[in-house]
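Novice: have a look at this prediction, sequence included:
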Amino acid sequence: MKAVIVSAVAIAAVALGWTSPSRADDPPAIGAIPLSEILSTLDRNGNGCVDLEEGRNYASRRFHALDRNHDASLDAEEAPPGPEETSNSRPISIADWQDAYHARFADFDADGSGCLSLQEVEAGRNARKGGH
Ligand SMILES: [Ca+2]
Ligand SMILES: [Ca+2]
């Protein structure tokens, strides 16, 4: 009986958004990385901007970290859709996940340099918040 009550409470907690099915140590969505941590997190070659490859490598690592059942697909429980995600379609394959990342990157890369400056990331995020 106690187990039933505990699981009922757990279900209610999830339904009310008290807990997230994702774990605390999950790598955050690129869109959720604070601007002040973008370069330290993503700029591996130290050129002061986020290259397509750097962001894509992060997106791939994150995909595999979130894919708990290793079926090469992320469902809504493994990766809850949210405003900071590059794509909210679920389930999503690694190919679609990377395509969504590429589309976002191209959208943000205002000068077409193939590398996102902090200004471009900030402007891109603001444009999205404005219903872009
Ligand atoms: Ca870089
Ligand atoms: Ca999966």
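Specialist: That came through fine. Residues are numbered from 1 along each chain as shown. Ligands and ions are numbered 1, 2, ... in the order given.

Novice: just give the number of residues close to H64.
Specialist: Counted by other CB atoms under 10 Å, the residues lying close to H64 total 12. C-beta here means a position set from N, CA and C on the backbone, and glycine is covered the same way.

Novice: enumerate the positions of the host helix or strand of it that are buried.
Specialist: Taking DSSP states H and E as the definition, H64 sits inside helix 52-66. Along helix 52-66, these residues count as buried under the neighbour rule (16 or more other CB atoms under 10 Å): E54, G55, R56, Y58, A59, R62, F63, L66.

Novice: what about the residue nearest in space to the middle of the chain, distance to L35?
Specialist: By CA atoms, centre = their mean, the mean C-alpha position of the chain lies nearest to A29, the distance being 2.3 Å. According to CB to CB, to the nearest Å, A29 and L35 sit 14 Å apart.

Novice: may I ask which helix or strand of the chain has the lowest mean pLDDT?
Specialist: helix 2-15 (a mean of 61; mean pLDDT, DSSP states H and E).

Novice: next secondary structure element downstream of that helix?
Specialist: Using DSSP H and E, the helix or strand that follows helix 2-15 in sequence is helix 35-42.

Novice: so which residues on the chain come close to ligand 1?
Specialist: With CB under 5 Å from the ion as the criterion, the chain meets ligand 1 at residues D43, N45, N47, D51.

Novice: in this structure, where is pLDDT below threshold?
Specialist: In the predicted model of the chain, residues 1-22, 131-132 satisfy pLDDT under 70.

Novice: from ligand 1, how far off is S93?
Specialist: Distance, S93 to ligand 1, using CB to the ion, to the nearest Å: 27 Å.
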